[in-house]
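Trainee: please work out how this folds:
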Amino acid sequence: MQVLLVAIGSHGDVLPFIALGTELKRRGHAVLLAAPAPFADMADRAQLAFHGLGTQAEYDGFVAEPNLWHPRRGVRVTFGFVSALTEPVYRWIAAKWRPGEGIVAASTLSLGARVAQDKLGLPLVTVHVMPVLVESRHAPPILPGLPLPSFLSARLRHWIGRGADTYVIGPAALPGLNAFRAKLELPPVRRLRHWWNSPLRVLLGFPEWYAEPQPDWPRQAVQVGFPLADRCGDVDELTPTLAAFLKAGDPPVAFTYGSAMRQGQSFFDAAVRICRRMGRRGILLTPQDGQVPADLPPQILHAAYAPLSQLLPHCVALVHHGGIGTVAQALAAGIPQLVVPVAFDHFDEGQRLRRLGVGSVLSRHRFTPSRAVEKIERLLGNPDVTRACAMARARMRAENGVRTACDAIEDLRAVATRSSGAA
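Mentor: Sure, this is the predicted structure:
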């Protein structure tokens, strides 16, 4: 069948779709991927037909905006970028979709795909790669910029969180979306976090043991596990320099603040001091120049990029921002994690790791070498954490999120056919 894939966001949002596209193409399907323009080279390496959304300059301007990394103000920056791509996504799908043959699978922020479903009646599967995107009265996720105390009831936390729709998400996302929908003679969307779920099928890119299913989740939602995809990124193997460094001494502590972060200087400065205090080697991962100190000691190496599935099994711990893709790779490697959350889902992922007993959380404002060293050494010295990490690694080995997601996408044809017949 024809499969149109649409992904909007950074590496953590797009790489899973490249992995899905690679597997679907291997199964014999005709796959087309639309994503921000900078991901063209990665799609080309995967031999996927690619349509660039926006320009390199527009994407660079988006990720370089300082407010993007603010827990509350980042929402407006994000939806400004998303709104500019909503109509182009819709137009691309409308031009490429083959009725009766085509399936569309789209990331949460690919709002043009959801509009196309409403207007054209096409079969769409929405892919949520993080639990924070799924509402629940029973287990509300932790929203960025809304640190509610845990002693509040789940229903009260959910009700307070609903205020984010009215005062933060709605004003940022709905004016542009509804203006475009009006051009198509579609009714306005009232609440984005409800509407963005395809009524036909929703795939949740995380397993049940990481985020327990809730009775008020969408009935059409299916949990498929983590779609591990790091080898679809900039390189699929360790560089000779990095491989040699790993062999030259004790397992290092790895530090990363995400592929899109442009304001990570203080994080990496602290990372160097943490390694010195602990007497451990370190690896600093960031592709951007100017974030890592120029005079690194020989026991600390800077790498622009490394596939985490190849790197982390050789590390003793990971300190990072809390992005879901990074979280999943550390779980697969079976190493403890210290999360220093910035925005988006980071706060929610950190709490989930803490509940699983495989990690800890340190706020960005409290991320000092002394506090971080205390947290990391406590994780490394706790046998309960070691056992929990080993259990997570075993669970990850028993799953294949990419394969399970592709099975669900293939099954969507039958679901769509039955729905059309019933209609």
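
Trainee: so where's the stretch 301-423 of the chain uncertain?
Mentor: Where the stretch 301-423 of the chain drops to pLDDT under 70, the residues are 415-423.

Trainee: quick one, what contacts Asn400?
Mentor: By CB atoms under 8 Å, 6 or more residues apart in numbering, Asn400 lies in contact with Gly225. To be clear about C-beta, it is placed using only N, CA and C from the backbone, and glycine gets the same treatment.

Trainee: residue ranges for the strands of the stretch 251-400 of the chain, please.
Mentor: Taking DSSP state E, counting those that start in this stretch to define them, one finds strands in the stretch 251-400 of the chain at 253-256, 282-285, 300-303, 317-320, 337-339, 359-361.

Trainee: so which elements touch the first one?
Mentor: In this structure, strand 253-256 makes packing contacts with helix 265-278, strand 282-285, strand 317-320, judged by 3 or more CB pairs under 8 Å, 6 or more residues apart in numbering; DSSP states H and E.

Trainee: out of the ones you listed, flag the one nearest Phe226.
Mentor: strand 317-320 (15.3 Å; CB to CB).

Trainee: mean neighbour count for the helices and strands packed on strand 253-256 - can I get that in JSON lines?
Mentor: JSON lines is the format used below for the helices and strands packed on strand 253-256 (neighbours: other CB atoms under 10 Å):
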{"stretch": "helix 265-278", "mean neighbour count": "19"}
{"stretch": "strand 282-285", "mean neighbour count": "24"}
{"stretch": "strand 317-320", "mean neighbour count": "26"}
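
Trainee: what's the closest of those to Pro140?
Mentor: Closest to Pro140 of these, according to CB to CB: strand 317-320, at 24.0 Å.

Trainee: note down every partner strand of that closest one and its orientation.
Mentor: Sheet pairing of strand 317-320 (DSSP bridges) gives strand 253-256 (parallel), strand 337-339 (parallel).

Trainee: gap between it and the chain center?
Mentor: The chain centre lies 17 Å from the centre of strand 317-320; the measure is CA atoms, centre = their mean, to the nearest Å.

Trainee: ok, now stretch 191-205?
Mentor: In terms of CA atoms, centre = their mean, the centre of stretch 191-205 is set 16 Å apart from its chain centre.

Trainee: using CSV, list the CA coordinates for it.
Mentor: Taking C-alpha atoms only, stretch 191-205 is exported to CSV below (Å, rounded to 0.1, in the frame of the first residue of the first chain):
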residue,chain,number,x,y,z
ARG,A,191,-9.7,21.9,22.3
LEU,A,192,-6.5,20.8,20.6
ARG,A,193,-5.4,18.0,22.9
HIS,A,194,-8.7,16.2,22.3
TRP,A,195,-9.0,16.9,18.5
TRP,A,196,-5.5,15.9,17.6
ASN,A,197,-6.3,12.2,18.2
SER,A,198,-7.3,10.5,15.0
PRO,A,199,-10.7,8.9,15.7
LEU,A,200,-9.6,5.9,13.6
ARG,A,201,-6.3,4.9,15.3
VAL,A,202,-3.7,6.3,17.7
LEU,A,203,-0.4,4.7,18.3
LEU,A,204,1.4,5.3,21.6
GLY,A,205,5.2,5.0,21.2
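
Trainee: i'd like the first residue to be 844 from this point on
Mentor: Okay, using 844 as the starting number, the last item reads as stretch 1034-1048.

Trainee: would you list the strands of the stretch 1094-1243 of the chain in CSV and tack on distance to Asn1225?
Mentor: Below are the strands of the stretch 1094-1243 of the chain laid out as CSV (distance: least, CB to CB, whole Å):
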stretch, distance to Asn1225
strand 1096-1099, 16
strand 1125-1128, 21
strand 1143-1146, 25
strand 1160-1163, 12
strand 1180-1182, 13
strand 1202-1204, 10
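
Trainee: nearest residue to Ala1114 other than its sequence neighbours?
Mentor: Spatial nearest neighbour of Ala1114, chain neighbours left out: Phe1098 (4.1 Å); criterion: CB to CB, 6 or more residues apart in numbering.

Trainee: how deep is Leu1181 tucked in, by neighbour count?
Mentor: A total of 25 residues lie near Leu1181 under the criterion other CB atoms under 10 Å.

Trainee: and the residue nearest to it when sequence neighbours are not counted, what does it touch?
Mentor: Spatial nearest neighbour of Leu1181, excluding adjacent residues (CB to CB, 6+ apart): Val1162 at 4.6 Å. Each residue near Val1162 by CB under 8 Å, 6+ apart is listed here: Val1096, Ala1097, Phe1098, Thr1099, Ala1114, Ile1117, Gln1180, Leu1181, Val1183, Ala1215, Ile1219.

Trainee: and the fifth one, how far is that from Asp1227?
Mentor: Using CB to CB, to the nearest Å, one obtains 26 Å as the distance from Ala1114 to Asp1227.

Trainee: for stretch 1072-1081, measure first residue to last.
Mentor: 15 Å (CA to CA, to the nearest Å).

Trainee: from the chain's centre, how far out does that stretch sit?
Mentor: Relative to its chain's centre, stretch 1072-1081 lies at 16 Å (CA atoms, centre = their mean).

Trainee: again with stretch 957-970
Mentor: Using CA atoms, centre = their mean, the offset of stretch 957-970 from its chain centre is 22 Å.

Trainee: what segments of the stretch 1144-1266 of the chain are helices?
Mentor: Applying DSSP state H, counting those that start in this stretch to the stretch 1144-1266 of the chain gives helices spanning 1151-1154, 1167-1176, 1189-1199, 1212-1223, 1226-1240, 1244-1265.

Trainee: if you compare those helices, which one is most tucked away?
Mentor: Neighbour counts (mean count of other CB atoms under 10 Å) averaged over each of those peak at helix 1167-1176, with a mean of 26.
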